[in-house]
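In: Sequence first, then the predicted structure:
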Amino acid sequence: MSLLLDTNAYVAFRQGNKRVLDLISASDGVQMSTIVLGELIYGFRNGSRYETNVESLRSFLAEPEVTVLPVSLTTADNYGSISAGLKARGSPIPTNDIWIAAHAMEFGAPVVSFDGHFRSVDGIELIDPGARPGD
């Protein structure tokens with residue numbers, strides 16, 4: 001199974017988080033949403049290690065097991081459907097996370113994230129590396 005890393009999962013991976021490293025090692029590959037890439041680069045630009053962080057990201061993206069997901073019409077349709085469903089239930093989540101969920105839905109990959117609000121999105125699976133078994 002291929003995994004879609006959320007921004008916080010990528011950061012945890014770079015920090016050597018054992019649970020995230022184990023998930024990636026056991027997967028068939030990693031998918032990266034262009035939305036996640038935008039969030040990462042934004043963070044890099046607001047930090048003191050921009051060049052180092054960008055180079056690490058480029059190196060990671062160059063790995064054969066890593067696929068960058070473009071925003072397509074299907075992604076946009078999923079985004080609209082997810083947004084409408086969340087609004088109707090009164091359970092909004094951050095806009096960028098809706099886009100990330102739309103990618104997960106389109107490509108059938110579980111989202112690896114420490115953000116539990118992804119559980120509010122029907123049609124995707126969340127793998128929370130911080131959750132205890134049974135949570």
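Out: Noted; the coordinates are in hand. Numbers count the residues shown, from 1 in each chain.

In: where's V36, which helix or strand?
Out: helix 34-45 (DSSP states H and E).

In: Which neighbouring elements make contact with that helix?
Out: Packing partners of helix 34-45 (3 or more CB pairs under 8 Å, 6 or more residues apart in numbering; DSSP states H and E): helix 7-14, helix 50-61, strand 66-69, helix 95-107. Glycine gets a C-beta too; all of them are placed from N, C-alpha and C.

In: Okay, now the sheet partners of the shortest one, with direction.
Out: The strands that strand 66-69 pairs with in its sheet are strand 29-33 (parallel) (by DSSP bridges).

In: tilt between the partner strand and helix 7-14?
Out: If you take axes from the mean of the first three to the mean of the last three CA atoms, to 10 degrees, strand 29-33 sits at 130 degrees to helix 7-14.

In: Would you mark the buried spots in strand 29-33?
Out: By 16 or more other CB atoms under 10 Å, the buried positions in strand 29-33 come out as V30, Q31, M32, S33.

In: Which of the residues you listed sits closest to N53?
Out: Nearest to N53, judged by CB to CB, of the buried residues of strand 29-33 is M32 at 14.5 Å.

In: a markdown table please, covering the buried residues of strand 29-33 and showing pLDDT.
Out: Putting those into a markdown table (pLDDT from 0 to 100) gives the following:
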| residue | pLDDT |
| --- | --- |
| V30 | 98 |
| Q31 | 98 |
| M32 | 98 |
| S33 | 98 |
